[in-house]
Structures are given as structure tokens and as C-alpha cells.
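Visitor: The following block contains a protein sequence and its predicted model.
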Amino acid sequence: MAKVKDAGAVERMIRLSYPGIMEPKPFNFNITKQGYTWIAKYSILSPLMGVEEHERHINANTGEVKMIR
């Protein structure tokens, strides 16, 4: 994986992890950076659960996802 240089790259990374046509799509992104970690909070509209809040921590130097909530 490569360096993640900006919030736009973080958003694209997350959107690409939901590739299916019928799969729910993420929206309402709030992306911040703390040190070398990007923190992305976003919502997903689930047909069964309604709006779900998600969070991912991504290493800015490697692009590796460190945590998903």
C-alpha cells in the first residue's frame, strides 16, 4: 500500500471497500488526522438497521487500516 496524503484519498479508499451495486454506500464523511493516523467517521444506510455510524483508522505512511468500528 502507498502513503495516504489527504482526506480525499481516505474517502476514496473507504468508498472502494464497498464495491457492490446493491451494497450500501458510505456518506456523511468526517475525516481528521492525528499524527500519522487518519480517522474517518462516516455513515451507512442499512435497510435493516437504519443509519449506522462507522469509524476507520488508517496509517498515513502505509495506507494500512489499523482499526474498524
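Guide: Cool, the structure landed. Numbering: from 1, shown residues only.

Visitor: Give me the three-state assignment for the residue nearest in space to the middle of the chain.
Guide: Within the chain, the residue whose C-alpha comes closest to the C-alpha centroid is Ile14; the distance, by C-alpha atoms, centre = their mean, is 3.8 Å. Three-state call for Ile14 (DSSP: H, G, I helix; E, B strand; the rest coil): helix.

Visitor: can you start the count at 55 instead of 1 from here on
Guide: In the new count, where the first residue is 55, that last one comes out as Ile68.

Visitor: so where's this structure uncertain?
Guide: Across the chain, the stretches falling below the confidence threshold (pLDDT under 70) are 55.

Visitor: could you list every residue that touches the residue located most distally from the centre of the chain?
Guide: Taking C-alpha atoms, centre = their mean, the residue of the chain most remote from its mean C-alpha position is Leu102, at 21.0 Å. Listed by C-beta atoms under 8 Å, 6 or more residues apart in numbering, the contact set of Leu102 is empty. (C-beta placed from N, C-alpha, C; glycine too.)
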